[in-house]
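1. dropping the sequence and predicted coords here.
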Amino acid sequence: MNRQLTRLAGTFAGLVLAVSVAMPALAAGTDAAHSGARSAPSSDLGRSRCLDVRLAVRTDQTVAHLKAFGLCEVDRRLATIDRLQGAIGNADVLTDDHAAALRKILADSESGLKALRAEIADDTTVPELTEDIRRIFSEYRIYALVTRQVVLVRADDRVDAAAARLTHASEQLTAAIERAAGNGKDVTEAQGHLDAMLAAISAAKSEVAGDAAAVLAQTPTTWNTGAAKPILDAARASISAAHTDLRTALTEARAVMAALR
Amino acid sequence: MWPAASRTDMVLERHASARYAEGARKDLDRTMRLPFRQPGRGLLITALAAVLLTTGCGRRAQQTDAGTGTLASPPAQQTQLASAPPTLAPTVAPATSEPTDAATSQPARTAIPASTPVPTPDLASIEALLSGISGDLNADATADNDEGTPQ
């Protein structure tokens, strides 16, 4: 009797322990699955998505193959626009003006691509389809231009947001240095780090000044003429430099705090 | 001198008290050891204690993950997190050194600003923004590759 009771108790305890350990893990897995579902993997929206129909067109340029390729490329771009609209909605750092400008670019691209999709679906000849497929690229530039506009403007606003928070932090650190000096502490080292922090913040802000407006002003037409790409590349370089400056400012903030302890 | 009958009574009474005390001690011993003398109950108690500990640790871990919106977090804590300002936390760093004994502390130590409150800026949120900038730069670098060509 005692042996049976022992076995039952052991089995029960094992089951309870297994459930206790497994439930949080299952819950975490569910959260991860939900967060992953919000944004589709980029590979699903990359060029490989239409690889099969592209190869079919290269093998045999028929109306059916061209139509399938055109529709696939349009749908890939519409999915990317959907993902970018979600990115704008989730980006709390975007200013209202920048978010509105990006939404308009995406909405115009979406409506234009949907109209073009209907035209491709109605095309009946190879020349018609060839011309409409060319328009998917030349009239919209969803990846070369629009996607870059979204991520560069968002990065630009992130630079401004980080600079603002670091400026707020520098004000707190200034007050702390004043208190420490009032108590007779030597604050030379802390003040030196604070000065370096302020200089780095100022450099970061000046790096990206005006970049967002320049990026938002670009269109598929300016891209096709070759004017847009240098502007986007310059904005990228500015953001990268500002990122380094902000990293420096953060390091200096930590140094100020360490010097005051 | 005590009468003989009275002495006998006293001896008997003393023996009875001793036997009673010994019996009570044995009862107490049995009571204290009872759960551990039956292996089934002992194992069950151990298992229940383990479950309580495991469940408690799990809840604690979920509460620390409240920043990601875990539903297991208590509402009061979620409210506090949601209403926290995104800029700087009002907390101050603890003093680096505190005199443990007032009798041994020297008068000069009160003038040294060892306990000057140092604000703790919300560096974690700034770190998150910098990580976001890195992600944007990476996305920008690969976006062009997805454009493709009409051919």
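-> Yep, that arrived.
2. mind listing the helices for the stretch 101-250 of chain A?
-> For the stretch 101-250 of chain A, the helices defined by DSSP state H, counting those that start in this stretch cover A:126-138, A:148-182, A:188-208, A:211-216, A:220-225, A:228-260.
3. would you turn the ones you listed into JSON lines with distance to residue B:148 and mean pLDDT?
-> C-beta coordinates here come from the backbone N, C-alpha and C atoms, glycine included. Listed next are the helices of the stretch 101-250 of chain A as JSON lines, based on distance: least, Cβ to Cβ, whole Å; pLDDT from 0 to 100:
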{"stretch": "helix A:126-138", "distance to residue B:148": "7", "mean pLDDT": "97"}
{"stretch": "helix A:148-182", "distance to residue B:148": "15", "mean pLDDT": "96"}
{"stretch": "helix A:188-208", "distance to residue B:148": "30", "mean pLDDT": "98"}
{"stretch": "helix A:211-216", "distance to residue B:148": "22", "mean pLDDT": "97"}
{"stretch": "helix A:220-225", "distance to residue B:148": "14", "mean pLDDT": "97"}
{"stretch": "helix A:228-260", "distance to residue B:148": "16", "mean pLDDT": "96"}
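4. looking at those helices, which is closest to residue B:142?
-> With distances scored as Cβ to Cβ, the stretch of these nearest to residue B:142 is helix A:148-182 (9.9 Å).
5. check which helices and strands the closest one sits against.
-> helix A:63-90, helix A:96-122, helix A:188-208, helix A:211-216, helix A:228-260, helix B:123-143 (3 or more Cβ pairs under 8 Å, 6 or more residues apart in numbering or on different chains; DSSP states H and E).
6. okay if I get the ones you listed as JSON lines plus mean neighbour count and distance to residue A:54?
-> Below are these laid out as JSON lines (neighbours: other Cβ atoms under 10 Å in any protein chain shown; distance: least, Cβ to Cβ, whole Å):
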{"stretch": "helix A:63-90", "mean neighbour count": "19", "distance to residue A:54": "6"}
{"stretch": "helix A:96-122", "mean neighbour count": "15", "distance to residue A:54": "15"}
{"stretch": "helix A:188-208", "mean neighbour count": "19", "distance to residue A:54": "38"}
{"stretch": "helix A:211-216", "mean neighbour count": "20", "distance to residue A:54": "30"}
{"stretch": "helix A:228-260", "mean neighbour count": "19", "distance to residue A:54": "24"}
{"stretch": "helix B:123-143", "mean neighbour count": "17", "distance to residue A:54": "19"}
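7. now these as a markdown table including distance to residue A:50?
-> Formatted as a markdown table, the helices and strands packed on helix A:148-182 follow (distance: least, Cβ to Cβ, whole Å):
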| stretch | distance to residue A:50 |
| --- | --- |
| helix A:63-90 | 4 |
| helix A:96-122 | 13 |
| helix A:188-208 | 35 |
| helix A:211-216 | 28 |
| helix A:228-260 | 24 |
| helix B:123-143 | 17 |
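8. which ones are touching the residue nearest in space to the middle of chain A?
-> Closest to where the C-alpha atoms of chain A average out (Cα atoms, centre = their mean) is residue A:151, at 5.2 Å. By Cβ atoms under 8 Å, 6 or more residues apart in numbering or on different chains, the residues touching residue A:151 are B:136-137, B:139-140, B:143.
9. least confident pick among these?
-> Among those, residue B:143 has the lowest pLDDT, at 89.
10. surely it and residue A:141 touch.
-> No: counting by Cβ atoms under 8 Å, residue B:143 does not reach residue A:141; the two are 10.3 Å apart.
11. about what we covered before: tell me which of the helices and strands packed on helix A:148-182 sits nearest to residue A:155.
-> Of these, nearest to residue A:155 by Cβ to Cβ is helix B:123-143, at 3.6 Å.
12. now for the closest one, which elements pack on it?
-> By 3+ Cβ pairs under 8 Å, 6+ apart, helix B:123-143 packs against helix A:148-182, helix A:228-260.
13. ok and it relative to helix A:148-182, angle-wise?
-> Following axes from the mean of the first three to the mean of the last three Cα atoms, to 10 degrees, one obtains 160 degrees for the angle between helix B:123-143 and helix A:148-182.
14. which residues sit against helix B:123-143?
-> A:42, A:93, A:143-144, A:147-148, A:151-152, A:154-155, A:158-159, A:161-162, A:165-166, A:169, A:232, A:236, A:239-240, A:242-243, A:246-247, A:250, A:253-254, B:86-87.
15. can you rerun that using 7 Å?
-> Here helix B:123-143 makes contact (Cβ atoms under 7 Å, 6 or more residues apart in numbering or on different chains) with A:143, A:147-148, A:151-152, A:154-155, A:158-159, A:161-162, A:165-166, A:236, A:239-240, A:243, A:246-247, A:250, A:253, B:86.
16. looking at chain B, which helix or strand is least sure?
-> Lowest mean confidence among the helices and strands of chain B (mean pLDDT, DSSP states H and E): helix B:75-82, at a mean of 35.
17. surely residue A:126 touches residue A:63?
-> Yes: in this structure residue A:126 lies within contact range of residue A:63 using Cβ atoms under 7 Å: 6.0 Å.
18. who touches residue A:240 in this structure?
-> residue B:137 are the contacts of residue A:240 under Cβ under 7 Å, 6+ apart.
19. would you mind measuring from it to residue A:156?
-> According to Cβ to Cβ, to the nearest Å, residue A:240 stands 12 Å off from residue A:156.
20. next one: residue A:227
-> Distance from residue A:227 to residue A:156, by Cβ to Cβ: 19 Å.
21. ok, those two, which is more surrounded?
-> residue A:156 (30 against 12; other Cβ atoms under 10 Å in any protein chain shown).
22. report the contact partners of that one.
-> A:208, A:211-212, A:239.
23. repeat that for 8 Å
-> By Cβ under 8 Å, 6+ apart, the neighbours of residue A:156 are A:98, A:208, A:211-212, A:215, A:235, A:239.
24. ok, residue A:181 next?
-> residue A:187.
25. quick check, pLDDT for the nearest residue to residue A:54 once chain neighbours are set aside.
-> Here the nearest residue to residue A:54 in space, its sequence neighbours aside, is residue A:69; by Cβ to Cβ, 6 or more residues apart in numbering or on different chains that works out to 5.9 Å. On the pLDDT scale, residue A:69 is placed at 95.
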